[in-house]
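Enquirer: Structure for the following, please:
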Amino acid sequence: MSLFTQIPYTLQTLIANIDSGILALPEIQRPFVWENAKVRDLFDSMYRGYPVGTLLFWLTSNNAQAGRSIGQANQTVPHSLIVDGQQRLTGLYAVIKGVAVLRNNYEREHIRIAFNPLKDEFMVPDASTPKDPAWLPDISVIWKPGADLFSIVPDYLARYKAARGEDSLSPEDESHIKSALNRLHSLPGTYSFTVLQLVPDMTEEEVSQVFVRVNSMGKRLNQADFILTLMSVYWDTGRHELERFARESRVPPAAGAKAPFNYQFRPEPDHLLRVGVALAFRRARLQSVYAVLRGKDMETDAFSPARRDEQFDKLQQAQAKVLNLTDWFAFLTCLTQAGYRRADLLISNMAAVYAYAFFLIGKHDFGVAQPELRKVIARWFFASALTARYSTSPESVMEKDMAALRDISTAQEFVSYLEGQMALTLTQDYWNITLPGNMATSAARSPELAAYFAALNLLDARVLFSRVKISELMEPGLQPRKALLDRHHLFPKGFLKKHGITAVRQTNQIANMALLEWPQNITIKDDAPSDYVPGIMQSGQFTDEELRCFAHWHALPEGWEQMSYDEFLRQRRQLMAHVIREGFERI
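Expert: Sure, this is the predicted structure:
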């Protein structure tokens, strides 16, 4: 039995259906991510009569979810949801209707496409386009309500001749221009799409599978996507609140306004959803939560609207706590207390997501006192980020954590559970063997290196061979044109090259990197350590105590400048692990 029927649709019909709400966006895909050049290419292909791919719609049934329309707000219950074709239809609708699209950065943008009717060319306009009479700067004017092609064509010709001269266009040119503009104007009514319409009784997972199979550029739709879709149906305000909070966490607010903006953690809507789900249901696996929110009885498999409303009430109460700015900034203080002062130190967003969930559970469900809560969550985040606890199968790991909390009833038991889990992971063998071994990498972003920088913040360390604190140059929001801190090769690449070591995975080992202020980095250049280190040590700029502190903070083995490169890396990894441990124990 076929899962779909094949139906032809003109672009004009699709636009009208989107406008009326008959055809809706199910919100199980990403925001508009196409570059304007791809929209230009789409119009160019359609103008020339080329195929631009099929569209995939999901025919809704009486009890199916509704979706959010791309067009103007309306109350019409959609007949079909767009599964594949969102980017194409959104781009076409935005240009033809002259409306703004929502970008990935949560800012709205009007897509403008220019057209040269004399050469049949499309382009993304730049600053010079409006000054060139050969180009219609924005083709949206052709389909603007009340627009008259009989006035657009004469206006174009008059503007062209005024700039290029009355004799600049031959009768053949004028005829071609009129024909091209008329062809573009009639494009919505003449261009036809092939639509594959899925049957209504398919499950969300089956729809997801179809989407992946027919769209090789698509991403597998996850359970967070489906829950956010479900929210659009039964609690649209909650969905908008998540999106607003995520957007405002990235954009500095107006003076005096209260907003979640920060420089440490910029969550996505699905991150905030996960926190709310953990707080409301003590669950991490969103697949089971999706069924619960639909009102499914996990024992009988029966669905109940009353049960659905009850579960959404729980989620609504939890989300109010998740988006509470007092709690939000109290949690961000935990990240600061853990030494993670900036977003670029967060290698794993999931560590921050689940740390926030534990923070809210500890505060609202167990009543842990604020000072103790801040300390234990800071330690938990540091340990989770360092060990990449939630980087592999994060839902499974968090599900076990949530299951363990179901047997806990007091604040002390909550704190003891977190401390016990950290003790099980951060053993002597971890600090002395596993952690140094994990640092045998050249990855520019690794959880171990981020934890090392966080530890330097916690230890109030100074930049190597400087009296400036690392924390001062890592101050959130401090983003000068030239980075004030450089990761410098202690054994310079030029020096290593002379000894036959050229592979990046060797020269860029994180144990070969140290934080320097950029003027110092420039001065050292490619000198051997045995050449540049004695000059610094004997310059008299620093006391013996300062030099000892530099060696301790920056994990420099005694006599390191005379060591072989391999021995230096081995010893420095051990010392860096000791610094990380010291920083953790300082929390």
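
Enquirer: residues near Lys258, how many?
Expert: By other Cβ atoms under 10 Å, 10 other residues sit near Lys258. All C-beta spots, glycine's among them, are computed from the backbone N, C-alpha and C.

Enquirer: Could you look up the next helix or strand downstream of whichever strand or helix holds Thr326?
Expert: Secondary structure assigned from DSSP states H and E places Thr326 in helix 325-337. Following the chain from helix 325-337 toward its C-terminal end, the next helix or strand by DSSP H and E is helix 349-360.

Enquirer: Go through that next one and flag the buried ones.
Expert: Within helix 349-360, the residues that qualify as buried are Asn349, Met350, Ala351, Ala352, Val353, Tyr354, Ala355, Tyr356, Ala357, Phe358, Phe359, Leu360, counting by 16 or more other Cβ atoms under 10 Å.

Enquirer: residue contacts, the last one?
Expert: This points to Leu360. Val275, Leu279, Ala318, Lys321, Val322, Asp327, Phe331 (Cβ atoms under 8 Å, 6 or more residues apart in numbering).

Enquirer: out of those, what pair is the most spread apart?
Expert: Farthest pair in these (Cβ to Cβ) is Ala318 and Phe331. Separation: 14.7 Å.

Enquirer: between these two, who's got more neighbours?
Expert: Summary of the neighbour comparison: Ala318 and Phe331, criterion other Cβ under 10 Å, with Phe331 having more neighbours (26 against 21).

Enquirer: Columns distance to Leu335 on top of the buried residues of helix 349-360, output as TSV?
Expert: Listed next are the buried residues of helix 349-360 as TSV, based on distance: Cβ to Cβ, whole Å:
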residue	distance to Leu335
Asn349	12
Met350	14
Ala351	10
Ala352	7
Val353	12
Tyr354	13
Ala355	8
Tyr356	9
Ala357	14
Phe358	13
Phe359	10
Leu360	14
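
Enquirer: Run through who's touching the helix ranked longest in the chain.
Expert: With DSSP state H applied, the helix covering the greatest number of residues in the chain is identified as helix 565-586. Applying Cβ under 8 Å, 6+ apart, the set of residues contacting helix 565-586 from outside is 339, 379, 382-383, 386, 426, 431-432, 435-437, 439-440, 448, 451-452, 454-459, 490-491, 496, 499, 501, 509, 511-512, 552-553, 555-557, 560, 563.

Enquirer: What residues of that helix count as buried?
Expert: By neighbour count, and taking 16+ other Cβ under 10 Å as the criterion, the buried residues in helix 565-586 are 565, 568-569, 571-581, 583-584.

Enquirer: What is the nearest of the residues you listed to Ala257?
Expert: For these, the residue nearest Ala257 by Cβ to Cβ is Gly583; the value is 35.1 Å.

Enquirer: And that closest one, what's its pLDDT?
Expert: Reading off the confidence values, Gly583 has pLDDT 97.

Enquirer: Please name the nearest non-neighbouring residue to it.
Expert: Excluding the flanking residues, the one nearest Gly583 by Cβ to Cβ, 6 or more residues apart in numbering is Ala455, at 2.5 Å.

Enquirer: Can you name the element that comes right after the helix or strand containing the one you found?
Expert: Taking DSSP H and E as the definition, one finds Ala455 inside helix 447-458. Where DSSP H and E defines the elements, the next helix or strand beyond helix 447-458 is helix 470-473.

Enquirer: Paired strands for the helix or strand harbouring Leu56, with orientation please.
Expert: Under the criterion of DSSP H and E, Leu56 resides in strand 55-59. Sheet partners assigned to strand 55-59 using DSSP bridges are listed as strand 80-84 (antiparallel), strand 192-198 (parallel).

Enquirer: Quick check: which of those is buried the most?
Expert: strand 80-84 (a mean of 25; mean count of other Cβ atoms under 10 Å).

Enquirer: avg pLDDT for it?
Expert: When pLDDT is averaged along strand 80-84, the result is 77.

Enquirer: Name the next helix or strand downstream of that strand, please.
Expert: Scanning the chain past strand 80-84 towards its C-terminal end, the next helix or strand to appear is helix 86-97 (assignment: DSSP H and E).

Enquirer: Can you tell me the strand partners of the helix or strand just after that next one and which way each runs?
Expert: Scanning forward in sequence from helix 86-97 by DSSP H and E, the next helix or strand is strand 100-102. When pairing is defined by DSSP bridges, strand 100-102 lines up against strand 108-110 (antiparallel).

Enquirer: quick one, what contacts Leu426?
Expert: With contacts taken as Cβ under 8 Å, 6+ apart, Leu426 has the following neighbours: Ala383, Thr387, Arg581, Phe584.
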